[in-house]
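Undergrad: What would the 3D arrangement of this be:
(chains A and B)
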2 protein chains.
Amino acid sequence: MSYRAPVKDMLFDMQHLAGLQTLTEQIPAFADYGVDTAQAVLEECAKLNEDVVAPTNVEGDKNPSYWKDGNVFTSKGFKEAFRQFAEGGWQGLQHPAEYGGQALPKTIGAACGEMVNSANLSFALCPLLTDGAIEALLTAGSDEQKSTYIPHLIDGSWTGTMNLTEPQAGSDLAAVRTRAEPQADGTYKIFGTKIFITYGEHDMAENIVHLVLARVVGAPEGVKGISLFIVPKFMVNADGSLGARNDAHCVSIEHKMGIKASPTAVLQFGDHGGAVGYLVGQENRGLEYMFVMMNAARFGVGVQGIAVAERSYQHAVAYARDRVQSRPVDGSKPGAATIIHHPDVRRMLMTMRSLTEGSRAMSIVAAAAYDAAHHHEDAETRKQNQAFYEFMVPLVKGYSTEMSLEVTDLGVQVHGGMGFIEETGAAQYYRDAKILTIYEGTTAIQANDLVGRKTTRDGGTLAKAVAAQVEKTEGELAARSSAASQSVAKRLKAAREAYLQSVDFIAAQGKANPNAAYSGSVPYLMLAGNLVAGWQLARSLIVAEDMLGEDAEFMAAKIATARFYAEHILPRCGALRNAIVEGADSVTAMALDSF
Amino acid sequence: MSYRAPVKDMLFDMQHLAGLQTLTEQIPAFADYGVDTAQAVLEECAKLNEDVVAPTNVEGDKNPSYWKDGNVFTSKGFKEAFRQFAEGGWQGLQHPAEYGGQALPKTIGAACGEMVNSANLSFALCPLLTDGAIEALLTAGSDEQKSTYIPHLIDGSWTGTMNLTEPQAGSDLAAVRTRAEPQADGTYKIFGTKIFITYGEHDMAENIVHLVLARVVGAPEGVKGISLFIVPKFMVNADGSLGARNDAHCVSIEHKMGIKASPTAVLQFGDHGGAVGYLVGQENRGLEYMFVMMNAARFGVGVQGIAVAERSYQHAVAYARDRVQSRPVDGSKPGAATIIHHPDVRRMLMTMRSLTEGSRAMSIVAAAAYDAAHHHEDAETRKQNQAFYEFMVPLVKGYSTEMSLEVTDLGVQVHGGMGFIEETGAAQYYRDAKILTIYEGTTAIQANDLVGRKTTRDGGTLAKAVAAQVEKTEGELAARSSAASQSVAKRLKAAREAYLQSVDFIAAQGKANPNAAYSGSVPYLMLAGNLVAGWQLARSLIVAEDMLGEDAEFMAAKIATARFYAEHILPRCGALRNAIVEGADSVTAMALDSF
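TA: Numbers count the residues shown, from 1 in each chain, chains lettered A, B, ... in the order given. Modelled structure (predicted):
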């Protein structure tokens, strides 16, 4: 099944929801990145991903990467695709020009990220992790570290990894045990085992830059004693050439349900005398730096959810247009028709489409806030955008990935029995998507972040500020005459009220009764994500109604999608509110022994 | 991961929700099958499935059945497990004593069916299909056909299959093309290709009795021209011994996402001169007979959903009790605790548990209605029970299987990253479960049945009669003083009202505007299933409160589970109602070309 990048939808979101034009006008660094540039970039990106990356997806699933004698061999076509990806400059898209990057806004970068992930989720993980490593080095690396590593990471000759997890330390990084012993020359020797290391070993680049969390001997217990180290696979000589093999080895890779082509490595550090590590920033501040990397990666994983949902949707639409089965219930065809004529198939496709478009709009709007937060000249604007972006990260990550499970399930369902047969391809999305609600922080970890740092800490102030923006959109909708805008206004209001009641409950319980607040944490995340995605689609409806004369078919589809979301997806907010506000006690009521 | 059959829960449902004692008192044939007998049967069944069948589950996934030269070889351990299953008399559990069966009520049989499916979904499919074949022969077979085939099907020396699907005929059986040519001796020659034939070929039995839908030459078009034939793999001689190989051959089996051990065959009939087929019943009434088989199988597939959910739940609980990670948010432990102490893990486990228990209660109550419908002496009682049972079949099939997707997803999620690693075992349930919403009629097909035959045909009368029963339970709850019963009464009322509004909408639109009615068909099925399962748990709460003094821990868990369901799952009914009643138009509003 071929992939067609939704360039027009992406541009619509950037232009009409995320205010790309305003960004380029207000931020000198982005002066050149208006809509025309964005379109050119997206079309070029679409070409590579449609023609080169997408065709590797099924092959990678059928013949995954494999381990042999410490080496990992990626699936057929991956090396060549990665070479073209790197040569096209796509790894450096959002990174500083001084290290060879293109310094494009994240607003555009997020859309490009979606494309490579739609094309091949397993393949795209390698650049995604490398992006994270670059961000961490930019934040906390020394000038020498930056100039040594970043140019190679950007040009694709090297790639990056994040080494956090250990067998006993998953969500709980306080339990990290990997040991760093300071050496006389200022380096460290690293000893320990890291698991679940994505692209921890592979054959697509000359070197791999492992960023590793470890505990310096004598450091405090818990998260306050964790430091961040660079541990390159091959040592780097003073002239920049590659030197000796470091003592960091891949001892196995995992056998997974999905994203099979992406090697998930167990890395052993220091089994042969100690791996050489270089401290990044200061000792014991590793977690702080790693959060930079993780936040970038969390946003990126949210985009993966949108990406796999889009691919699954396209696959399902193609099948529904082709498969003939049964007469339509309304008698609109004399005999059997393609199944896209059946109401329930339409309901499934509209659910898939509206969830995907809503999440995409949310992510692109969040990306624009990131750009303003990092590059706007006005400090207050930066601060406000940073707060909004930080509120959005758990929603983009948590909501977009959870919705991708629903979408890929429906994607199989549309295919009927054929969906369960691996050769059809729909099942791969269902298997691949399931990792997205887990890695880079499970949905519960995102929800903890939303409840703790983003809601209870400020007593719900920021959460309510988001609701106030939603209310403004409701007002705009209510002032319009169309049935669609009236319908959406009504549902958006009900959803916002459900959200506000939940915010109040969580802000009030947060400290006094944490079990009550956290019992509803994931429902609260789902409610907030549902509302924000629906809000963005509501905004798109306003734009589309105004532009109906210019591009009738496209805008009519935007209106239909927004209305469907409001009438079918937004009502879930009420059910979630009930669970959060009225159901907290019943979550922890049953005795532990009774499970 | 070992499996422990929930015998006590099953007995509770039979005794206190399904009225097993009343059945035994009112139906002479069941006089011996009281609670003590049920317990003895369940314990024996548990033993076989825990000790013999369950250990084959992982092996079957890792080393699936395979095809070679027309033969299919099942996974290691399957033949021996099937031999013990057959020798124990489990295939004949619900079938007439005159053919070697045990003639037990379905009320007990459904619970036994859950166990074998929890133990190994792939394995259990073979007996499930054989049950269907037996039912069809009992309904429409001649005396000679019954005595020739049924005893062998019951003793496990032969097995049965259902041959409906063809490449162009899936949900739409009107499109069946397999051809039957009448012969001078009263037999037929069968020509055609059938796909998706579960256990269409295997090595666990001496013979396979294919029941095949085909069109007699000259028969009317559409479903009114379909006849049912017996096509044995080996011909049966007059003395009952096996004769020549029939011209029905397995040319390949499918490569599937889950239930990999269950061979899904492509069967070719008549490539070497014609397969010998024996007409069952009358010509052109095949679909009617097959519906008997399908209804039995649909109920059975619903039970499969409950079964895989139960297994996934047990797996997740075991992990949550074992895995240590992070300090509890309420500070109840000084350091890191097992993850079952974290509210969101509890929320996931309670969701899994309550969905599973609610669906199980629904299925056992439905089974009791089947028993009364088939065996009660009073005609009016039979009629009422038959109507109730027929209303329940799409709910048991549709709701229990859809909920199993949610449960098995949460089962993976509780495991975090380990859940995505195949060796952990949680992923298999997620992959296996996905077929359940598809085969024996997709969820949409169940929903069409619920909307068409079960709701609009009688103007919603039966659907409302179910609501009246729910209302009675509300009254009983409201009269009680406990906070739990008050809470459940309130949510049950809201859910019932949402249901009634949906029934009214669908009954009103059904004929006038079928697109509107069918646009909400699956949400209506989910609403009805959600309500009925919640209603049964509400009934269990009443019993449990009254019996709290007798068995405190068990009954307290029943109360907690019922309350959780009411507060977290029942509120979804409101969201579904909105989608059904207010969102019908937006399902089909978007132009076909815009997808």
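Undergrad: So which residues of chain A form strands?
TA: A:66-68, A:71-73, A:158-163, A:179-182, A:188-198, A:207-216, A:227-232, A:234-236, A:242-245, A:248-253, A:264-269, A:275-280 (DSSP state E).
Undergrad: quick one: low-confidence parts of the stretch 151-300 of chain A?
TA: Across the stretch 151-300 of chain A, nothing is flagged by pLDDT under 70.
Undergrad: Kindly report the residues of it close to chain B.
TA: A:165, A:168, A:170-172, A:174-175, A:196, A:254-258 (C-beta under 8 Å from any C-beta of the partner chain). Backbone N, C-alpha and C define where each C-beta goes, glycine included.
Undergrad: so can I have TSV of the strands of chain A showing distance to residue A:407 and mean neighbour count?
TA: Shown next, in TSV, are the strands of chain A (distance: least, C-beta to C-beta, whole Å; neighbours: other C-beta atoms under 10 Å in any protein chain shown):
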stretch	distance to residue A:407	mean neighbour count
strand A:66-68	30	12
strand A:71-73	31	16
strand A:158-163	27	26
strand A:179-182	43	20
strand A:188-198	23	23
strand A:207-216	32	25
strand A:227-232	36	26
strand A:234-236	41	16
strand A:242-245	43	12
strand A:248-253	28	20
strand A:264-269	24	24
strand A:275-280	38	24
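Undergrad: need the ones you listed in a markdown table with distance to residue A:58, can you?
TA: Listed next are those as a markdown table, based on distance: least, C-beta to C-beta, whole Å:
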| stretch | distance to residue A:58 |
| --- | --- |
| strand A:66-68 | 17 |
| strand A:71-73 | 18 |
| strand A:158-163 | 23 |
| strand A:179-182 | 42 |
| strand A:188-198 | 20 |
| strand A:207-216 | 26 |
| strand A:227-232 | 33 |
| strand A:234-236 | 33 |
| strand A:242-245 | 34 |
| strand A:248-253 | 20 |
| strand A:264-269 | 20 |
| strand A:275-280 | 37 |
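Undergrad: The residue in chain A sticking out farthest from the centre and residue A:327, how far apart?
TA: Going by C-alpha atoms, centre = their mean, the residue of chain A most distant from its centre is residue A:334, 45.5 Å out. Remark: distance between residue A:334 and residue A:327 (C-beta to C-beta, to the nearest Å) = 8 Å.
Undergrad: Near chain B, which residues of the stretch 401-550 of chain A are found?
TA: A:405, A:409, A:412-413, A:416-417, A:419-423, A:427, A:430-431, A:434-435, A:437-439, A:442-444, A:447-448, A:487, A:491, A:513-515, A:518-519, A:521-523.
Undergrad: re earlier: with distance to residue A:190 as added columns, please give the residues of the stretch 151-300 of chain A next to chain B in CSV.
TA: Output for these, formatted as CSV (distance: C-beta to C-beta, whole Å):
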residue, distance to residue A:190
A:165, 15
A:168, 17
A:170, 20
A:171, 23
A:172, 21
A:174, 19
A:175, 17
A:196, 18
A:254, 22
A:255, 27
A:256, 26
A:257, 31
A:258, 31
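Undergrad: Please list only the buried members of these.
TA: With burial judged by 16 or more other C-beta atoms under 10 Å in any protein chain shown, the buried subset of those is A:165, A:170-172, A:174-175, A:196, A:254, A:256-258.
Undergrad: Columns distance to residue B:56 on top of these, output as TSV?
TA: Compiled in TSV, those are given as follows (distance: C-beta to C-beta, whole Å):
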residue	distance to residue B:56
A:165	33
A:170	31
A:171	34
A:172	36
A:174	41
A:175	37
A:196	30
A:254	24
A:256	23
A:257	20
A:258	25
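Undergrad: Just those residues: which are in helices?
TA: Secondary structure from DSSP state H places none of those in helices.
Undergrad: Count the neighbours of residue A:239 for me.
TA: Neighbours of residue A:239 under the rule other C-beta atoms under 10 Å in any protein chain shown: 6.
Undergrad: Can you tell me how far it is from residue A:148?
TA: 11 Å.
Undergrad: Repeat that for residue A:455.
TA: From residue A:455 to residue A:148 the distance is 41 Å (C-beta to C-beta).
Undergrad: cool, and residue A:572?
TA: Distance from residue A:572 to residue A:148, by C-beta to C-beta: 50 Å.
Undergrad: Between the two, which has more neighbouring residues?
TA: Counted by other C-beta under 10 Å, residue A:572 and residue A:148 do not tie: residue A:572 has more neighbours, with 24 against 19.
Undergrad: what's the neighbour count on the residue lying closest to the more buried one once chain neighbours are set aside?
TA: Distances taken as C-beta to C-beta, 6 or more residues apart in numbering or on different chains put residue B:575 closest to residue A:572, at 4.7 Å, once the chain neighbours are dropped. Residues contacting residue B:575 under the criterion other C-beta under 10 Å number 23.
Undergrad: quick check: domain ranges of chain A?
TA: Domain ranges of chain A: A:7-66+A:73-155, A:158-283, A:290-586, per automatic domain parsing.
Undergrad: Out of the ones you listed, which is the most enclosed?
TA: domain A:290-586 (a mean of 22; mean count of other C-beta atoms under 10 Å in any protein chain shown).
Undergrad: centre of the chain versus that domain, how much separation?
TA: On the basis of C-alpha atoms, centre = their mean, to the nearest Å, domain A:290-586 sits 13 Å off its chain's mean C-alpha point.
Undergrad: Next, the distance between the ends of it.
TA: This stretch, domain A:290-586, spans 36 Å end to end (C-alpha to C-alpha, to the nearest Å).
Undergrad: check contacts around the nearest residue to residue A:42 once chain neighbours are set aside.
TA: Residue nearest to residue A:42 in three dimensions, not counting chain neighbours: residue A:7, with 4.8 Å by C-beta to C-beta, 6+ apart. By C-beta atoms under 8 Å, 6 or more residues apart in numbering or on different chains, the contact list for residue A:7 reads A:39, A:42-43, A:46.
Undergrad: picking up where we left off before, pretty sure the residue nearest to residue A:572 is in contact with residue A:571, am I right?
TA: Yes. Assessed by C-beta atoms under 8 Å, residue B:575 is found in contact with residue A:571 at 4.0 Å.
Undergrad: So for residue B:283, which of the strands of chain A sits nearest?
TA: Residue B:283 lies closest, by C-beta to C-beta, to one member of these: strand A:66-68, at 56.5 Å.
Undergrad: Give me the residues contacting the closest one.
TA: A:72-73, A:201, A:250, A:252-253, A:263.
Undergrad: returning to what we had before: how about the contacts made by the residue farthest from the centre of chain A?
TA: residue A:327.
Undergrad: Distance of it relative to residue A:342?
TA: 15 Å.
Undergrad: Over to residue A:103?
TA: Counting by C-beta to C-beta, the gap from residue A:103 to residue A:342 is 49 Å.
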